[in-house]
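1. output the structure for:
(one chain, ligands or ions: 2)
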Amino acid sequence: MSSEHLTHLQNGQLGEVTLIVGDPSRVDLISKDWSERHKVEDSREFVLVIGKYKGHNVSICSTGMGVGSTEICIIELIENGAKQIIRCGGCGSWREDIEPGDLIINRAMARTAGLMGDYVPDNYPAVADPILVGKLYREAQQRGFKVYTGIGLTTETYFLGQYRQPQIEHSTIRADDVKMKYWQDRGIINAEMESAVLFILGSIYQIPVANCLVVHLSRSTYRWEQPEDYNRIHRESAISVLDAVLN
Ligand SMILES: O=P(O)(O)O[C@H]1O[C@H](CO)[C@@H](O)[C@H]1O
Ligand SMILES: O=c1cc[nH]c(=O)[nH]1
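-> Ligands and ions are numbered 1, 2, ... in the order given. Down below sits the predicted model:
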């Protein structure tokens, strides 16, 4: 039986590790130098490539942004035999000393109340596989990345969920800075929109999962990663992830 969205993927085709990314264009960016590269799926936000990296079977799939499409993607990857899944994504830094272009490998995620409530209650933890976290962290450090680990926040929404003000002049709705500080006071170092989904599904379906996020912007300075660095850092961090897991 084929899956409902990754309709061309066959059970057993996925590699030793499957990377997931939010942005579909990041699939080609990361996989372009793999050997025996084969695009299995290109539908809606889901672009899926399988191939070989340094002789190992590997795969990469885009999830799109947010809970809904990420849940579909991860479930269908697991249905088709994904062995371990690592999110190579982007995030905002919520700690002053963590800057655009740095890496964050989260060991756990807090989350918007109710997020993944169809699977688990809110008091179920969203945690990464600690062995993967250790491997990813060490490899990134050895390669000279400025890399941090800690607890992040996965939100359901980008604007109010991350306490970001929509620029809509006729509205008086305001983002709540106090709530952002509440999380920062409790050690939250970054925010994004998918990792808790991955961590929870990895735990309940018992496959190792982790993330390795490039900081796209600092919420302290509102400085963004420079466009000329964006592709290079995403590629180099994905190579670091693959080498960490496959060596
Ligand atoms: O760059 P990606 O991996 O998409 O990740 C982050 O960027 C998107 C928001 O701009 C969200 O998906 C968020 O999680
Ligand atoms: O601040 C940010 C940056 C990237 N992605 C997010 O979800 N939030």
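2. and the pLDDT at the closest residue to D102 other than its chain neighbours?
-> Leaving aside its sequence neighbours, D102 sits nearest to K146 (CB to CB, 6 or more residues apart in numbering; 4.4 Å). In short, each C-beta sits where N, CA and C put it, glycine included. With respect to pLDDT, K146 scores 98.
3. nearest residue to H5 in space, please, no chain neighbours.
-> I72 (5.3 Å).
4. what about the one you found, which helix or strand?
-> Secondary structure from DSSP states H and E places I72 in helix 67-79.
5. show me the contact partners of that helix.
-> 3-6, 9, 11, 14, 18, 20, 44-46, 61-64, 82, 85, 115-116, 156, 193-194, 197-198, 201, 205, 207 (CB atoms under 8 Å, 6 or more residues apart in numbering).
6. got a ChimeraX select line for the buried ones in these?
-> Those of those that count as buried under 16 or more other CB atoms under 10 Å are selected in ChimeraX with:
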select :3,5,6,9,14,18,20,45,46,61,62,63,64,82,85,115,116,156,193,194,197,198,201,207
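7. from the contacts of helix 67-79, which are also near ligand 2?
-> Residues of the contacts of helix 67-79 in contact with ligand 2 (CB under 6 Å from any ligand atom): M193.
8. mind listing what the closest residue to G161 other than its chain neighbours touches?
-> In space, and not counting its chain neighbours, G161 is closest to T155: 3.6 Å by CB to CB, 6+ apart. Neighbouring residues of T155 by CB under 8 Å, 6+ apart: 111-112, 115, 161-162, 191-193.
9. keep only those of those that are in strands.
-> Applying DSSP state E to the contacts of T155, the entries found in strands are 111, 191-192.
10. from those, which single one is nearest ligand 1?
-> Of all those, ligand 1 sits closest to E192, with 3.4 Å by CB to the nearest ligand atom.
11. any idea how many residues pack against that closest one?
-> When neighbours are defined as other CB atoms under 10 Å, E192 has 26 of them.
12. swap in C88?
-> Residue neighbour count, defined by other CB under 10 Å, stands at 22 for C88.
13. name the residues of the chain found near ligand 2, please.
-> Counting by CB under 6 Å from any ligand atom, the chain sits next to ligand 2 at 90-92, 158, 162, 191-193, 216-217.
14. per-residue pLDDT, the nearest residue to E4 once chain neighbours are set aside?
-> Closest residue to E4 apart from its sequence neighbours, by CB to CB, 6+ apart: E76 at 7.2 Å. You'll see E76 listed with a pLDDT of 98.
15. then I204?
-> 98.
16. what strand or helix carries G51?
-> Judged by DSSP H and E, G51 forms part of strand 46-53.
17. which other helices and strands does that strand contact?
-> Packing partners of strand 46-53 (3 or more CB pairs under 8 Å, 6 or more residues apart in numbering; DSSP states H and E): helix 25-31, strand 35-43, strand 56-62.
18. deepest of these, which one?
-> strand 56-62 (a mean of 23; mean count of other CB atoms under 10 Å).
19. what residues does the chain put near ligand 1?
-> Counting by CB under 6 Å from any ligand atom, the chain sits next to ligand 1 at 21-23, 65, 89-90, 158, 192-194.
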